[in-house]
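Asks: Predicted model follows, preceded by the sequence.
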Amino acid sequence: MKLLNTYDDRDEAEEAAEKLTGDKRLASERDATVVIYNLFGIPSWGNFHRLGMYNLGELKTLLDRRATWQSADQVRHAEIIATLKTGAKNYGIEVPEHWL
């Protein structure tokens, strides 16, 4: 398990934890008067999508209409893929070829 996200609100953190599949753990830590909630889980694109991370919902929409892309769509796709490649490197997972 790896740290997937942090939250300032306990309810939001618990709601996010419920969305994950596989092993997961929610841990809180206090820094002075601030409490943050760390969500640990299995780093997978499915879990990231369920958490609304890495613009995966937008990527799905773009890929669904790939045949009719305009230049702005191509630029946005490149931006999302660059972010995904960074995330993939950080978590040791691969970006699926059909997303590229």
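Replies: Perfect, I can see it now.
Asks: what number of residues lie near the closest residue to Glu94 other than its chain neighbours?
Replies: In space, and not counting its chain neighbours, Glu94 is closest to Ala88: 6.0 Å by C-beta to C-beta, 6 or more residues apart in numbering. Glycine gets a C-beta too; all of them are placed from N, C-alpha and C. Applying other C-beta atoms under 10 Å, we find 17 other residues in the vicinity of Ala88.
Asks: Let's test this: name the helix or strand in the protein with the lowest mean pLDDT.
Replies: Taking mean pLDDT, DSSP states H and E as the measure, the helices and strands of the chain show their lowest mean at strand 24-31, namely a mean of 94.
Asks: Strands of the chain, start to end?
Replies: Applying DSSP state E to the chain gives strands spanning 2-7, 24-31, 34-41.
Asks: tell me the contacts of the closest residue in space to Asp73 that isn't next to it in sequence?
Replies: Nearest-residue entry for Asp73: Leu62, 5.9 Å, with adjacent residues in sequence omitted and distances by C-beta to C-beta, 6+ apart. Leu62 sits next to 69, 73, 76-77, 80 when contact means C-beta atoms under 8 Å, 6 or more residues apart in numbering.
Asks: For the longest helix belonging to the chain, name the packing helices and strands.
Replies: Among all segments of the chain classified by DSSP state H, the helix with the greatest residue count is helix 71-91. When contacts are defined as 3 or more C-beta pairs under 8 Å, 6 or more residues apart in numbering; DSSP states H and E, helix 71-91 sits against helix 56-64.
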